[in-house]
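Novice: let's see this in three dimensions:
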Amino acid sequence: MKKILQPLYVVYVLLVTVITVLPVLPVFIVWIFIFRKNVEKQVHNLVKKWASVWFWLMGMPVKRIGKMPQGNFVIVANHCSYLDALVIFPAIPVYFRPLGKKEIADLPIIGFVYKCIVVMVDRESQQSRAKSVKMLWQTLQNNCNIVIFPEGTFNESEAPLKNFYDGAFKLAINAQVPILPLIIPDTINRWHYSAWWNWTPGKNRVLFLPPVDSKGMTQENMTTLKQKVYKLMEDELVKYK
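Specialist: Modelled structure (predicted):
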């Protein structure tokens, strides 16, 4: 039965995505011209509303576990599916800007919206990396949360997490803001990275873990901070999987 229903569900996903995206695109364009000084927040809000409806229509309801504390954070989350970059919008109740790859900005239509939402980085360019770090720091100083997937890419191993890159933790220490870990355990079962058609309906839980403070730390403490966050996220992923 599953073999019969799976292709039908994939067709449904594609149809609903096209039907819901096409009417929204003109709104994006109009809003960008109207809200030129505040375009990032306006596009963010539209994406959040669209994503909430889309997940509901897909039969993939997003369930937030725990409450996001008040404050300004570098938010870090595990990365195991293409859906991770989308599920964070209905999951995180406040305005944020994610760190994203520059290459996606070159895609037609999607890239147009993408550039309004993310802080882009070209991993092959040292100059681009330095510029993105400066932009991230300025974003935090303007009381906006930053979202980073510290694994850098999908975790395709049997381990709960891949090794973390240093960037998120260096940024938190430089800005003297806490790290807020998120656990996303279910997206790999909703859209597996192995194939674009590997879709399955079901729950999407997003768990807020306790913040990890970086106040008073220097870059000498970066490894300790990274290891503490890693262990906290690893332990919770084991429980929820």
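
Novice: buried residues in the stretch of helix or strand residue 223 belongs to?
Specialist: With the criterion set as DSSP states H and E, the secondary-structure element containing residue 223 is helix 222-240. Of all the residues in helix 222-240, those buried under the rule 16 or more other Cβ atoms under 10 Å are 222, 225-226, 229-230, 232-233, 236-237. Every C-beta, even on glycine, is put in place using the N, C-alpha and C of the backbone.

Novice: got it, and stretch 206-222?
Specialist: For stretch 206-222, burial by neighbour count (16+ other Cβ under 10 Å) applies to 206-209, 211-212, 214, 217, 222.

Novice: out of these, which comes closest to residue 185?
Specialist: Each of those was scored against residue 185 by Cβ to Cβ, and residue 207 proved nearest at 7.4 Å.

Novice: in this structure, which spans are strands?
Specialist: Per DSSP state E, the chain has strands spanning 62-65, 74-77, 96-101, 119-121, 145-148, 179-183, 204-208. These are given in chain order.

Novice: what sits against the spatially most central residue of the chain?
Specialist: For the chain, the residue nearest the mean C-alpha position is residue 85 (3.8 Å; Cα atoms, centre = their mean). Contact criterion Cβ atoms under 8 Å, 6 or more residues apart in numbering gives 98, 100 as the residues in contact with residue 85.

Novice: could I get the pLDDT score of it?
Specialist: According to the model's per-residue confidence, residue 85 sits at a pLDDT of 91.

Novice: ok, residue 189 next?
Specialist: 93.

Novice: over to residue 125?
Specialist: At residue 125 the predicted local distance difference test score is 60.
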